[in-house]
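[1] okay, sequence plus prediction incoming.
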Amino acid sequence: MSDGGLSSVGNAARLLKAFLSREKEIGVSELARRLDLGKSTVHRLLTTLVQEGLVERNPETGAYRLGLTMFELGQVVQSHMDLHGAVGPVLAALREETHEGCQVGVLDGHEVVYIDRLESSQTLRLFNETGRRVPVHTTSSGKVLLAHLDEEHLTRVLEAASPLAEMTPRSITDPEQLRGDLARIRARGWSEAVEEREVGVASIAAPIRDASGRVVAAISIGGPAARLGAQQRRRLAEVIVEAGEAASRRLGWSPESSLAREG
């Protein structure tokens with residue numbers, strides 16, 4: 001990116017920050033004065049931000065205010081902050097009980113982003129993946145998140161991810177096979193992935209729900225496949241489901257309210 005491009009991004013950020021003054025609306029002239037920029041420059045920035053929904057123009061006054069997209073972004077930030085607070089103690093307890101690496105992932109497009117992680121206390125451990133993005137269909141966390149999407153949203157995600165990446169020979173690359181796996185995950189309440197993203201690595205995951213019952217994240221245990229064999233995964237499945245429910249309760253969810261809504 002050119003210096004001019006970087007300068008434009010910086011000026012756009014400064015313009016948005018001008019609304020931290022909590023005034024409902026600000027005019028072009030006042031924005032130009034505060035930012036020490038020409039009116040034409042400010043107007044060009046505003047035009048772009050309006051197109052992106054970050055600000056909007058009041059047709060009656062001609063002044064500008066923050067747009068709906070900024071509100072939506074703020075809600076996402078708030079939900080992630082709430083999520084960090086809810087899962088922190090649960091992750092700590094989960095690692096204490098299992099001695100394996102534990103993490104929380106959220107869906108972003110057709111990828112999983114790990115927003116929180118505690119490393120294994122054992123000598124043989126995995127790479128710390130906080131902030132890393134991975135293909136959604138190759139991880140237990142990703143499959144839990146996919147399993148609880150409505151059909152329309154699931155179709156959009158799978159279309160965006162098409163063709164499904166083959167990370168290892170065990171990766172699921174057939175969308176119909178993946179859908180079958182997701183149906184089983186929904187029925188039993190947890191997911192597993194064995195060498196589907198990386199050879200020698202296995203994981204299991206369960207959903208985290210918000211107060212409305214919507215699945216907003218996945219909590220998982222990961223480790224060397226040799227240590228997380230089939231029998232161990234079955235034993236830990238109950239543990240991970242309980243951890244997901246514990247984190248969900250900290251977000252305001254309760255199984256009683258979910259049953260009432262389903263009824």
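    Perfect, I can see it now.
[2] please enumerate the strands of the chain.
    55-57, 64-66, 101-108, 111-118, 133-135, 191-194, 201-209, 215-224 (DSSP state E).
[3] now do the residue nearest the centre of the chain, the pLDDT please.
    The chain has residue 106 as the residue nearest its centroid, 2.6 Å off, counting by Cα atoms, centre = their mean. For residue 106, the pLDDT comes out at 92.
[4] contact partners for it?
    Counting by Cβ atoms under 8 Å, 6 or more residues apart in numbering, residue 106 makes contact with 80, 83, 112-113, 115, 145, 216-218. All C-beta atoms are positioned from the backbone trio N, CA, C, and that covers glycine.
[5] again, only this time at 7 Å
    With contact taken as Cβ atoms under 7 Å, 6 or more residues apart in numbering, residue 106 is in contact with 113, 115, 216-217.
[6] any idea what it is bridged to?
    Residue 106 has the following beta-bridge partners by DSSP bridges: residue 113.
[7] neighbours of residue 201, just the number please.
    Residue neighbour count, defined by other Cβ atoms under 10 Å, stands at 20 for residue 201.
[8] repeat that for residue 114.
    Residue 114 has 21 neighbours, counted by other Cβ under 10 Å.
[9] next: residue 35.
    16.
[10] and the pLDDT for it?
    At residue 35, the predicted lDDT confidence score is 93.
[11] how about residue 47?
    Looking at residue 47, its pLDDT is 93.
[12] which stretches in the stretch 151-263 of the chain count as helices?
    Ranges of helices in the stretch 151-263 of the chain, per DSSP state H, counting those that start in this stretch, are 151-161, 175-188, 230-250, 255-262.
[13] make CSV from those and add distance to residue 49 to it.
    Output for these, formatted as CSV (distance: least, Cβ to Cβ, whole Å):
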stretch, distance to residue 49
helix 151-161, 26
helix 175-188, 37
helix 230-250, 36
helix 255-262, 38
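[14] got CSV for those, with mean pLDDT too?
    Conversion of the helices of the stretch 151-263 of the chain to CSV gives the following (pLDDT from 0 to 100):
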stretch, mean pLDDT
helix 151-161, 94
helix 175-188, 96
helix 230-250, 95
helix 255-262, 57
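[15] among these, which comes closest to residue 87?
    Across the helices of the stretch 151-263 of the chain, residue 87 has its closest neighbour in helix 230-250 (4.8 Å, Cβ to Cβ).
[16] export the closest one to PDB, keeping only CA atoms.
    The C-alpha trace of helix 230-250 is given here as PDB (Å, rounded to 0.1, in the frame of the first residue of the first chain):
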ATOM      1  CA  ALA A 230     -10.700 -43.000  20.800                       C
ATOM      2  CA  GLN A 231     -11.200 -44.200  24.400                       C
ATOM      3  CA  GLN A 232      -9.700 -41.000  25.900                       C
ATOM      4  CA  ARG A 233     -11.800 -38.800  23.600                       C
ATOM      5  CA  ARG A 234     -15.000 -40.600  24.700                       C
ATOM      6  CA  ARG A 235     -14.100 -40.000  28.300                       C
ATOM      7  CA  LEU A 236     -13.300 -36.400  27.700                       C
ATOM      8  CA  ALA A 237     -16.500 -35.800  25.700                       C
ATOM      9  CA  GLU A 238     -18.500 -35.500  28.900                       C
ATOM     10  CA  VAL A 239     -15.900 -33.200  30.400                       C
ATOM     11  CA  ILE A 240     -15.900 -30.800  27.400                       C
ATOM     12  CA  VAL A 241     -19.700 -30.700  27.200                       C
ATOM     13  CA  GLU A 242     -19.800 -29.800  30.900                       C
ATOM     14  CA  ALA A 243     -17.200 -27.000  30.300                       C
ATOM     15  CA  GLY A 244     -19.300 -25.700  27.400                       C
ATOM     16  CA  GLU A 245     -22.400 -25.600  29.600                       C
ATOM     17  CA  ALA A 246     -20.500 -23.900  32.400                       C
ATOM     18  CA  ALA A 247     -19.200 -21.200  30.100                       C
ATOM     19  CA  SER A 248     -22.800 -20.800  28.700                       C
ATOM     20  CA  ARG A 249     -24.200 -20.300  32.100                       C
ATOM     21  CA  ARG A 250     -21.700 -17.600  32.700                       C
END
